[in-house]
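Chemist: Dropping the sequence and predicted coords here.
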Amino acid sequence: MDYIILFFIGICATTIGTLAGGGGLINLPAMLVLGIPVHSAIAANKVSNTVSSFSSFFHLYKEKKLTLKESYWIIPVSMIGGVSGGFIASKISSDDMYIVALCLLVFAFIASFIGKGNFSGDERLKVSGKSVTGLYGIGIYDGLFGPGQGTWMLYLFGHLNIAYIRAVGYVRLATFSSCLGAAITYISTGAVIWPVTIALMLGSLTGAQIGVRIASKLKPNYVKPILRLTTAALVVQIFLDNVL
């Protein structure tokens, strides 16, 4: 029965995560409630995210919504950012990380009402100071803390006037990049409980395909309200985790 529950958790978390980020709000707490050890829950999340993120990116690539020529550089920038964040995380306390995460997410929530980007633009993704610095910084955040990485990236691409469906593809490519190294690490240390991981992965693959199909039909003016709701939920969860 738990495997069936995990399958549906994967569908729900990855569908939402594809549309607005924040899928970890659902699957990690749910796995912990089911009694899965925390390291094995994180491992299952990283492995399933690696596979599902690539599947949604590949779907959009096949549909010619984006090109590798425009997006290949996301992979090394995100990976280097993740490594940098992991290094920084080893030097600061978990309490400080919670404070940093809360401040950044509250800032993102406020900035979403001020920023002009609304995902209706059609700019191409270019290597620039803003794009590289932004992706590298979010990669650091992902390696440092994690929750909200996809949401942060969507805010960045909205600011860069990237169309929503292409922004979703770029976020999924970056998520694949940042999760791949972590997944390999967890597998090598034996933290992966494979039946649990496979159940979550199959649900995540399904959710990824549902998510990209909804994203292709979602009107740009609906995106920011969804992002704001996700950001608010992340702030509440991180605050409660820190207080409790």
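Modeler: Here it is on my side, so go on. Numbering: from 1, shown residues only.

Chemist: okay, CA-based contacts and neighbour counts for the rest of this
Modeler: OK.

Chemist: Can you tell me how far Ile187 is from Lys46?
Modeler: When distance is defined by C-alpha to C-alpha, to the nearest Å, Ile187 is 10 Å away from Lys46.

Chemist: Repeat that for Gly121.
Modeler: 32 Å.

Chemist: more neighbours, those two?
Modeler: Lys46 (27 against 15; other C-alpha atoms under 10 Å).

Chemist: Which SSE is immediately downstream of the one helix or strand in the chain whose mean pLDDT sits lowest?
Modeler: Ranked by mean pLDDT, DSSP states H and E, the weakest helix or strand in the chain is helix 94-114, scoring a mean of 72. Using DSSP states H and E, the helix or strand that directly follows helix 94-114 along the chain is helix 129-144.

Chemist: wait, doesn't Ala207 sit right on Thr15?
Modeler: Just so we're on the same page, residue 207 is Gly rather than Ala. Yes: the pair Gly207 / Thr15 is scored as a contact, 4.4 Å apart, by C-alpha atoms under 8 Å.

Chemist: Name all residues that make contact with Tyr136.
Modeler: 77-78, 80-81 (C-alpha atoms under 8 Å, 6 or more residues apart in numbering).

Chemist: and if you look at Ala13?
Modeler: Taking C-alpha under 8 Å, 6+ apart, one finds 22-27, 204, 207 in contact with Ala13.

Chemist: For the helix or strand containing it, which residues meet the burial criterion?
Modeler: Using DSSP H and E, Ala13 sits in helix 2-20. Neighbour-count burial for helix 2-20, counted by 16 or more other C-alpha atoms under 10 Å, picks out 5-20.

Chemist: neighbours around Lys69, how many?
Modeler: 8.

Chemist: again but with Leu205, I slipped
Modeler: Neighbours of Leu205 using other C-alpha under 10 Å come to 25.

Chemist: How much space separates it from Thr67?
Modeler: Noted for Leu205: a distance of 22 Å to Thr67, by C-alpha to C-alpha.

Chemist: Pass me the low-pLDDT residue ranges in the protein, would you?
Modeler: Where the chain drops to pLDDT under 70, the residues are 1, 89-90, 94-95, 97-98, 111-112, 114-118, 144-147, 241-244.

Chemist: To what extent is Leu195 buried, counted in neighbours?
Modeler: Check again: residue 195 is Pro, not Leu. Pro195 has 11 nearby residues by other C-alpha under 10 Å.

Chemist: quick one, what contacts Ala108?
Modeler: Counted by C-alpha under 8 Å, 6+ apart, Ala108 has contacts 152, 155, 231.

Chemist: Spatially, which two of the contacts of Ala13 are the most separated?
Modeler: The two members of those with the most space between them (C-alpha to C-alpha) are Leu25 and Gly207, at 14.9 Å.
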